[in-house]
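Colleague: This is the structure alone, sequence omitted:
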């Protein structure tokens, strides 16, 4: 019974991350970045991988420099790969369902940095990981974004069209 209550209890850190995401989506990028960085300082490099993955994934969105965005997206992927406690297994809403988006974001980062081969590599990994996605709005959105980035990344590895910028998926 206590285990059930523990599982049902909200995760305070994820709730706090969600609140900052709402702040960021409301248009206060600088304040969101500051609060995310404060949370990162609390969690630390050795904190819960789920918390680090989620926080780094969203913190990447607040970066002005594409190299910084890449660094945070790489931290998110690294933390996701550390998760071994079953939260990603058999749970479409867990981290297994997050991998396609993580790889898609990394591919977009590499495109921004002019690193076409790295972008293609992460697009392949995103496409492979997408089998874990449910047939719902989130899964359809991520699969569509993967397809769009594949189409927009030309044969020569350069983005097609002016002002191109792939959408980030969550």
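Modeller: Great, that's in hand. Remember, it's a predicted structure, so these values are computed and weren't measured experimentally.
Colleague: The closest residue to residue 33 other than its chain neighbours and residue 102: what is the separation?
Modeller: Among residues not flanking residue 33 along the chain, residue 62 sits closest, at 3.9 Å (CB to CB, 6 or more residues apart in numbering). C-betas here are computed from N, CA, C, even on glycine. Distance of residue 62 to residue 102, computed by CB to CB, to the nearest Å: 17 Å.
Colleague: Can you pick out the residue with more neighbours from those two?
Modeller: Ranked by neighbour count (other CB atoms under 10 Å), residue 62 and residue 102 place residue 102 first, with 27 against 22.
Colleague: check contacts around the more buried one.
Modeller: 53, 57, 73, 76, 77, 80, 126 (CB atoms under 8 Å, 6 or more residues apart in numbering).
Colleague: okay but residue 39 is in contact with residue 21, surely?
Modeller: No. The criterion here is CB atoms under 8 Å, and residue 39 misses it with residue 21 at 11.2 Å.
Colleague: Which residue ranges make up the domains of the protein?
Modeller: The record's domain split for the chain, according to automatic domain parsing, is 10-85, 90-154.
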